[in-house]
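Novice: here is my input, please return the structure:
(one chain, ligands or ions: 1)
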Amino acid sequence: MTTQSIPKAHLSHAKGQPRPARQHVRAAIAVLVAAALVTAPVARLPLVSAAVAQTTADPGELRKYGSIPPVPVPPPALPDSGEIQKYGAIGAPVVPLSPSQTLPDLGDASQALMSPAQERKLGEAIVRQIRAGGGYMEDAEVNDYLNEIGNRLVTATRDVRQDFLFFAVPDPGINAFALPGGFIGVNTGTILLAQTESQLASVLAHEISHVTQHHVTRGMASQQNVLLTTLAGLAMAIIASKAGGSQSGQATSAAIAGTQALAIQQQINFTRENEFEADRVGFARLVAAGFDPNAMSELFDRLQRASRFSEGGMPAYLRDHPVTYERVAEAKARAQDLPYKQVPDSLTFHMVRALLQSYQGEPREQVANFDRAIADKKYNNAIAGHYGLVAALLRAKDMPRAKVELVTLEKIAPPHPMIEAIAGNVLMESGEYPAAVARFESALTRYPNKMQLIHDYPEALIKAGRPADAAEFAERELVRYPAEGPLHEIAARAYAAQDKRLKQHQHQGEYYAWAGNLPLAIEQFQLAVKSGDGDFYQMSVVETRLRALRQEKAEQEKVGFGPAG
Ligand SMILES: [Zn+2]
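Specialist: Numbers count the residues shown, from 1 in each chain. From the prediction side, this is the model:
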């Protein structure tokens, strides 16, 4: 839920606003490719751009399933002809590696290539680049939900020792991908394509399996694929050269290596054996977590139909995970071996989909769509339909009606943190700041870990003229959730309202660093150093951080790795 209007002067988007993510992702990828070209002695890497470029499924297909009203989906983009040649890159000429870059003999120990910590660093760097390119949806509700369902799948078996982080990619095309280190991105189009929660879970289970089965590292170890070997060697060399070096260099190196790891990962996904294994392991995980065993083959059917009616080429997900007759047959056979089990969807699943739909197109059109669906009772879930209407009204800034519809929603719905959050936002947008603060406060006592509430409460405190309380709360939550970058942005505004400039610029800088924009991060830390309102300790902290960020940027420039977006 991202209806609050946070000024983001330097970023290309406002939270939750539908935007042409594809272009942003492409822009980011172009930068990644440029970086790869400069860094890598590989002649060209068109596969990077191809692998991540998104293709939209037929909008008509997205409309048909819906519990919630039809929504306008941006027209499908025709793939550039370059995309077709994705796998042509494998034959690209390869410059021999220098002795320091040669791969160690890995034998069977594919995991020795990178430590889990190094994989995590790579993944983090790639995610930062994805953020810089607008491919990361800063929406606590949607991301919270993906993590909830994702972690349910991860913890369904006791053998996974790795942390996972799931995030939404604001793109109507159908795709999902796993990155090194347990980062899994899911296009919003995939969430909307899934008719049931189990179908969405089947996509996540498959991607989780690519991570748990070490497909990335295993693929790197394969000596057959010259390109992969080269890239892996480079990634290794970069990481190895920094292992004993400066701290600040590591992230940069990871970012560069991550570029290639992403390319590698996309290649890995495509191998037939890995797809079958990810299906098999993913199926077991899906069932262990209590989801519907039939969901995997159902989703395959939907994907195939989506591609058949698609004008813009098949969904990216299908290109990276081709659904063959065999895969469908295997998924069906596996499900048939199990007793039939009715698995109801969670209310959150329906509400998250309604929220995503409320973000699309013109707010007024969405209000009309939800109104029509409610009047005709054309929804799978009445509560989600009413929730979507309130969300659309909030986006349309029709506060008097939002309040009325909120009352209706609360009458029919059980207690739910998403309703608490939207209720607080309706109060906030209506200018009733103390009431909003009170609502968020009571909600947080019931749902202390609900990220949307953790974002909204300090927002309301700032608006209620209590910036000191807002800053204190944000700082405390940043200790609990150090990777939650948007909290830095809120803290920055809370300090700005108190005219505490060092803290303001420090937090704004941390936000930009999280968002993958180093030049803006550095600018903020320069302002923090010049602020003149910090004590000796605070000054040395920001100076050290500024030096680290500068060094990181210099190293990026050395290899032509600039900011995106
Ligand atoms: Zn796959």
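
Novice: wait, isn't residue 132 in contact with residue 517?
Specialist: Yes. The criterion here is C-beta atoms under 8 Å, and residue 132 meets it with residue 517 at 5.7 Å. C-beta here means a position set from N, CA and C on the backbone, and glycine is covered the same way.

Novice: neighbour count winner among those two?
Specialist: Neighbours were counted for residue 132 and for residue 517 using other C-beta atoms under 10 Å; residue 132 has more, 25 against 22.

Novice: mind listing what's buried in stretch 538-549?
Specialist: When neighbours are counted by 16 or more other C-beta atoms under 10 Å, the buried residues of stretch 538-549 are found to be 539, 542, 545-546, 548-549.

Novice: just these now: which is nearest residue 526?
Specialist: Ranked by distance to residue 526 (C-beta to C-beta), the buried residues of stretch 538-549 are led by residue 546 at 6.6 Å.

Novice: so where is the protein shaky, pLDDT-wise?
Specialist: Across the chain, the stretches falling below the confidence threshold (pLDDT under 70) are 1-114, 216-270, 307-323, 556, 558-565.

Novice: how does it look with 50?
Specialist: Under the criterion of pLDDT under 50, the regions of the chain flagged as low confidence span 2-111, 220-261, 268-269, 560-565.

Novice: that older thread, out of the buried residues of stretch 538-549, which sit inside helices?
Specialist: Here DSSP state H is the test, and the buried residues of stretch 538-549 give 539, 542, 545-546, 548-549 as lying in helices.

Novice: what would these look like in TSV with distance to residue 531?
Specialist: Supplementary listing: these in TSV, determined by distance: C-beta to C-beta, whole Å:
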residue	distance to residue 531
539	9
542	9
545	14
546	12
548	19
549	16
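
Novice: how about those in TSV, adding distance to the ion?
Specialist: TSV is the format used below for these (distance: C-beta to the ion, whole Å):
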residue	distance to the ion
539	49
542	43
545	39
546	42
548	37
549	36
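
Novice: which one of those is nearest residue 368?
Specialist: For those, the residue nearest residue 368 by C-beta to C-beta is residue 549; the value is 47.1 Å.

Novice: so residue 410 makes contact with residue 423?
Specialist: Yes. Taking contacts as C-beta under 8 Å, residue 410 lies within contact range of residue 423: 7.2 Å.

Novice: what about these two, which has more around it?
Specialist: A direct count of neighbours by other C-beta under 10 Å for residue 410 and residue 423 places residue 423 higher, at 22 against 17.

Novice: correct me if wrong: the more buried one contacts residue 406.
Specialist: Yes. The pair residue 423 and residue 406 qualifies as a contact (C-beta under 8 Å) at a distance of 5.9 Å.

Novice: can you list contacts of stretch 272-289?
Specialist: In this structure, residues lying in contact with stretch 272-289 by C-beta atoms under 8 Å, 6 or more residues apart in numbering are 152-153, 156-157, 198, 201-202, 205-210, 212-213, 215, 219, 268-269, 293, 295-296, 321-322, 326-327, 330-331, 334, 338.

Novice: SS state for residue 484?
Specialist: Assigned by DSSP: H, G, I helix; E, B strand; the rest coil, the conformation of residue 484 is coil.

Novice: who's in contact with it?
Specialist: 451, 454, 477-478.

Novice: which of these has the most neighbours?
Specialist: Taking other C-beta under 10 Å to define a neighbour, the member of the contacts of residue 484 with the most is residue 454, carrying 27 neighbours.

Novice: does it lie in a helix or a strand, and which?
Specialist: Taking DSSP states H and E as the definition, residue 454 sits inside helix 451-463.

Novice: just the CA trace of that helix, in CSV.
Specialist: Below are the C-alpha coordinates for helix 451-463, written out as CSV (Å, rounded to 0.1, in the frame of the first residue of the first chain):
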residue,chain,number,x,y,z
MET,A,451,6.1,-3.4,7.5
GLN,A,452,3.5,-1.2,5.9
LEU,A,453,2.5,0.0,9.4
ILE,A,454,6.1,0.5,10.3
HIS,A,455,6.4,2.8,7.3
ASP,A,456,3.1,4.6,7.8
TYR,A,457,3.3,5.3,11.5
PRO,A,458,6.3,7.7,11.4
GLU,A,459,4.8,9.2,8.3
ALA,A,460,1.7,10.1,10.3
LEU,A,461,3.8,11.3,13.2
ILE,A,462,5.6,13.7,10.9
LYS,A,463,2.3,15.0,9.5
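
Novice: let me know the angle separating the following helix or strand past that helix from helix 451-463.
Specialist: Moving toward the C-terminus from helix 451-463, the first helix or strand encountered (DSSP H and E) is helix 467-480. Orientation note: helix 467-480 sits at an angle of 160 degrees relative to helix 451-463 (axes from the mean of the first three to the mean of the last three C-alpha atoms, to 10 degrees).

Novice: got the angle for the helix or strand that helix 467-480 is followed by vs helix 467-480?
Specialist: On the C-terminal side of helix 467-480, the closest following helix or strand by DSSP H and E is helix 486-497. Per the same axes, to 10 degrees, the angle that helix 486-497 makes with helix 467-480 is 160 degrees.

Novice: what helices or strands is helix 486-497 leaning on?
Specialist: Under the contact criterion of 3 or more C-beta pairs under 8 Å, 6 or more residues apart in numbering; DSSP states H and E, helix 486-497 touches helix 451-463, helix 467-480, helix 501-514.

Novice: could I get those helices as JSON lines with distance to the ion?
Specialist: Listed next are the helices and strands packed on helix 486-497 as JSON lines, based on distance: least, C-beta to the ion, whole Å:
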{"stretch": "helix 451-463", "distance to the ion": "28"}
{"stretch": "helix 467-480", "distance to the ion": "33"}
{"stretch": "helix 501-514", "distance to the ion": "28"}
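
Novice: would TSV of the ones you listed with distance to residue 186 be doable?
Specialist: Below are the helices and strands packed on helix 486-497 laid out as TSV (distance: least, C-beta to C-beta, whole Å):
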stretch	distance to residue 186
helix 451-463	17
helix 467-480	25
helix 501-514	20
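
Novice: quick one, domains of this structure?
Specialist: 21-336, 500-565 (automatic domain parsing).

Novice: neighbours of the nearest residue to residue 509 once chain neighbours are set aside, how many?
Specialist: With C-beta to C-beta, 6 or more residues apart in numbering as the criterion, residue 509 has its nearest non-adjacent residue at 3.3 Å, and that residue is residue 524. A total of 26 residues lie near residue 524 under the criterion other C-beta under 10 Å.
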